[in-house]
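>>> output the structure for:
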Amino acid sequence: QVQLVESGGGSVEAGGSLRLSCAASGYTINMNYMGWFRQAPGKEREGVAAIHTAGTTLYAGSVKGRFTISQDNAKNTVYLQMNSLKPEDTAMYYCAAQDYAISLAPKFYKYWGQGTQVTVSS
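Next comes the predicted model:
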């Protein structure tokens, strides 16, 4: 089992920044792929960014150039730096882990955190 705990969400004005953290614990040895996802009310969950333990990254087009995913393997923690936030970035943000392939598709992810809320006001 793998446990994921997100933190760092909050409320900011448009143009602001937030840094989300996702701490992994448990049997993480094969969880080589981590991802950040978000879900706004009434919308499907969508992939935002993903990272492989070797450093390869993948971003959704809507956040490319504004968001940066990174990791500290020693701490089993993945981060999502979010800059130039827009009201449309408002959502619950989740981190997830899997051992298959780098992807922004939720269906490949086996373990999920409880989420952290991000609210961006105009």
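
>>> ok but K107 is inside a helix, no?
Yes. Using DSSP: H, G, I helix; E, B strand; the rest coil, the assignment for K107 is a helix.

>>> look up how far G47 lies from it.
Going from K107 to G47 by CB to CB, to the nearest Å gives 10 Å. For the C-beta atoms, the positions are set from N, CA and C on the backbone; glycine is no exception.

>>> residue ranges for the strands of the chain, please.
Ranges of strands within the chain are 2-7, 10-13, 18-26, 33-39, 46-52, 57-59, 67-72, 77-82, 91-98, 111-112, 116-121, based on DSSP state E.

>>> tell me which other helices or strands the shortest one touches.
Meaning strand 111-112. strand 2-7, strand 91-98 (3 or more CB pairs under 8 Å, 6 or more residues apart in numbering; DSSP states H and E).

>>> got it, and the fourth one?
Using 3+ CB pairs under 8 Å, 6+ apart as the contact criterion, the elements in contact with strand 33-39 are strand 18-26, strand 46-52, strand 67-72, strand 77-82, strand 91-98.

>>> so which of these is the most packed in?
Each of the helices and strands packed on strand 33-39 was scored by mean neighbour count; the highest is strand 91-98, a mean of 23, by mean count of other CB atoms under 10 Å.

>>> among the helices and strands packed on strand 111-112, which comes closest to F37?
strand 91-98 (4.8 Å; CB to CB).

>>> got the angle between the closest one and strand 46-52?
40 degrees (axes from the mean of the first three to the mean of the last three CA atoms, to 10 degrees).

>>> quick one: strands adjacent to strand 91-98?
Sheet pairing of strand 91-98 (DSSP bridges) gives strand 33-39 (antiparallel), strand 111-112 (antiparallel), strand 116-121 (antiparallel).

>>> can you add mean pLDDT and distance to V5 and give the helices and strands packed on strand 33-39 back as JSON lines?
Listed next are the helices and strands packed on strand 33-39 as JSON lines, based on pLDDT from 0 to 100; distance: least, CB to CB, whole Å:
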{"stretch": "strand 18-26", "mean pLDDT": "95", "distance to V5": "5"}
{"stretch": "strand 46-52", "mean pLDDT": "97", "distance to V5": "17"}
{"stretch": "strand 67-72", "mean pLDDT": "97", "distance to V5": "15"}
{"stretch": "strand 77-82", "mean pLDDT": "97", "distance to V5": "10"}
{"stretch": "strand 91-98", "mean pLDDT": "97", "distance to V5": "9"}
